[in-house]
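Participant: Next come a sequence and a model predicted from it.
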Amino acid sequence: MARSTARVATDRPGRYAKQLAAHMGRKVPAEWSEETGRGTLAFGAGRAELTAEDGALLLAVEGAEEDLPQLEDVVGRHLVRFGTRDELVVAWQRDSGEAGTVQRLTGEDG
């Protein structure tokens, strides 16, 4: 399994994680715990982990190496859309050391 992570700076990490889990939960199995500040999304091609910390939402996706770009895009694109007002930027870093995709308000991918 390949893995990619992103640290998204925000003053509302729990709010965004809860919103992302609720939205994605309409299409895939999703969980979010207010108590632990952690959640998961289960996709056919892999999974995502959400962790709310002070000042940041930590994201991680795992799947086959060829599926990472799509997993990064789906999770990042939805989060950026929810965080339009805060202009969230999701920049993924793969465990292999290479940069992953980037999602931002302008819709650019890296």
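Facilitator: On my side now, so go ahead. Just so it is clear, the structure is predicted and the values come from calculations on it, not from any experiment.

Participant: all strands of this protein, in order?
Facilitator: 2-9, 30-33, 38-43, 46-53, 56-63, 90-94, 99-103 (DSSP state E).

Participant: out of those, nearest to residue 74?
Facilitator: If you check each of those against residue 74 by Cβ to Cβ, strand 38-43 wins as the nearest, at 7.3 Å. Backbone N, C-alpha and C define where each C-beta goes, glycine included.

Participant: List the contacts of the top helix by length along the chain.
Facilitator: Ranked by residue count under DSSP state H, the longest helix found in the chain is helix 68-82. The contact list for helix 68-82 (Cβ atoms under 8 Å, 6 or more residues apart in numbering) reads 2, 4, 6, 8, 16, 19-20, 23-24, 41, 43, 45-46, 48, 57, 59, 61-63, 88-90, 92, 94, 100-105, 109.

Participant: related to what we said a few turns ago, now render the strands of the chain as JSON lines, adding mean pLDDT and distance to residue 72.
Facilitator: Output for the strands of the chain, formatted as JSON lines (pLDDT from 0 to 100; distance: least, Cβ to Cβ, whole Å):
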{"stretch": "strand 2-9", "mean pLDDT": "97", "distance to residue 72": "6"}
{"stretch": "strand 30-33", "mean pLDDT": "98", "distance to residue 72": "17"}
{"stretch": "strand 38-43", "mean pLDDT": "98", "distance to residue 72": "11"}
{"stretch": "strand 46-53", "mean pLDDT": "98", "distance to residue 72": "9"}
{"stretch": "strand 56-63", "mean pLDDT": "98", "distance to residue 72": "6"}
{"stretch": "strand 90-94", "mean pLDDT": "97", "distance to residue 72": "5"}
{"stretch": "strand 99-103", "mean pLDDT": "96", "distance to residue 72": "5"}
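
Participant: Dump these to CSV, plus mean neighbour count and distance to residue 76.
Facilitator: Below are those laid out as CSV (neighbours: other Cβ atoms under 10 Å; distance: least, Cβ to Cβ, whole Å):
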stretch, mean neighbour count, distance to residue 76
strand 2-9, 19, 7
strand 30-33, 16, 16
strand 38-43, 19, 12
strand 46-53, 19, 10
strand 56-63, 21, 7
strand 90-94, 20, 4
strand 99-103, 20, 3
